[in-house]
Every structure is written in C-alpha cells, then in structure tokens.
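In: One predicted model, sequence on top.
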Amino acid sequence: MRGVLHGSARRFQGVSEADARRLFPEPAAVPPAYAIYKERIYFTPGFACFGPRCRAAMVLHEAVHVFDRRSGQPDIHISEWDEPRFSSLTPDQAIHNPSAYASFAAQVHHERLEWPRCDRFGAGRPDD
C-alpha cells in the first residue's frame with residue numbers, strides 16, 4: 001500500500017465517466033474510484049463530490065486492489081457497511097479485504113479499538 005501511495009504520480013489517474021463506462025456499462029453505477037490489479041487507481045468525476053475522510057478511505061481501499069489479486073473476490077470484497085458479513089470475515093479473508101485496511105487505518109488514527117459501523121468512513125458517510 002505504501003508503494004501505491006508513494007507512486008501516486010504514476011498510480012493515480014483521472015478518467016472521464018465515458019471511459020469508466022467501458023468497465024461499468026449501464027445500468028451499473030460508475031464508481032467514484034476503481035482500481036485495476038497491477039495497474040493503478042482511476043478516479044472518476046464523482047470522486048470530488050465526497051468529503052476528505054471518505055475520499056481517504058476510498059484511496060486506501062482502492063490501493064489494496066492494485067497489489068492484491070484476491071481483494072476483488074466476491075467472498076472477500078465485502079464493504080465495511082455490509083454487516084454482519086464484514087465482521088464475519090475469517091482472518092484469511094480479512095487480510096485481503098480492502099475495506100478492512102481503510103477501516104483499520106481510521107481506527108489507528110482515532111486510537112480506537114472498537115470501531116462500530118456508525119463511526120466508519122467511506123461511501124457510507126459521503127460528506128465526511
């Protein structure tokens with residue numbers, strides 16, 4: 001993750017909604033950000049509409065997808081807002097879950113062991 005963030009000049013790229021539609025055809029919503037394994041994080045115009053903590057959680061989440069092939073598997077790619085599934089991940093699944101990294105970073109920042117759903121950052125709290 002550190003490598004992805006330090007390499008942001010080559011790992012972060014803005015894309016138009018039309019370009020994103022190639023990967024997310026109708027009726028799927030175009031996400032504010034997405035990543036492609038071993039490539040980069042792509043930011044769509046919608047990314048700028050979110051608050052700073054929400055965007056930080058998204059960047060951390062997407063960074064995991066750049067280096068962890070398993071992070072997108074349906075049984076692993078569980079949102080921190082999808083309870084009780086998120087809290088029920090096994091340790092082997094959680095270590096590959098991109099939302100777990102974003103949530104853990106916020107826990108460390110706020111020096112909190114307990115991190116209930118209502119305190120988490122990300123798409124579930126878009127204005128934060």
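Out: All right, it came through fine.
In: for the helix ranked longest in the chain, packing partners?
Out: In the chain, taking DSSP state H as the definition, the longest helix is helix 52-67. If you count contacts as 3 or more C-beta pairs under 8 Å, 6 or more residues apart in numbering; DSSP states H and E, helix 52-67 packs onto helix 2-6, strand 33-35, strand 41-43, helix 98-109. C-betas here are computed from N, CA, C, even on glycine.
In: and Ala105, what does it touch?
Out: By C-beta atoms under 8 Å, 6 or more residues apart in numbering, the contact list for Ala105 reads 56-57, 60.
In: switch to 6 Å and redo it
Out: Ala105 is in contact with Leu60, counting by C-beta atoms under 6 Å, 6 or more residues apart in numbering.
In: Pull out the buried positions in the worst-scoring helix or strand of the chain on mean pLDDT.
Out: Across the helices and strands of the chain, mean confidence by mean pLDDT, DSSP states H and E is lowest for helix 98-109: a mean of 86. Going by neighbour count (16 or more other C-beta atoms under 10 Å), the buried part of helix 98-109 is 98-103, 105-106.
In: Likewise for stretch 113-122?
Out: Buried, per 16+ other C-beta under 10 Å, within stretch 113-122: 115, 120-122.
In: what comes into contact with that stretch?
Out: For stretch 113-122, using C-beta under 6 Å, 6+ apart, the contacting residues are 53-54, 57, 80, 83, 103, 106-107, 128.
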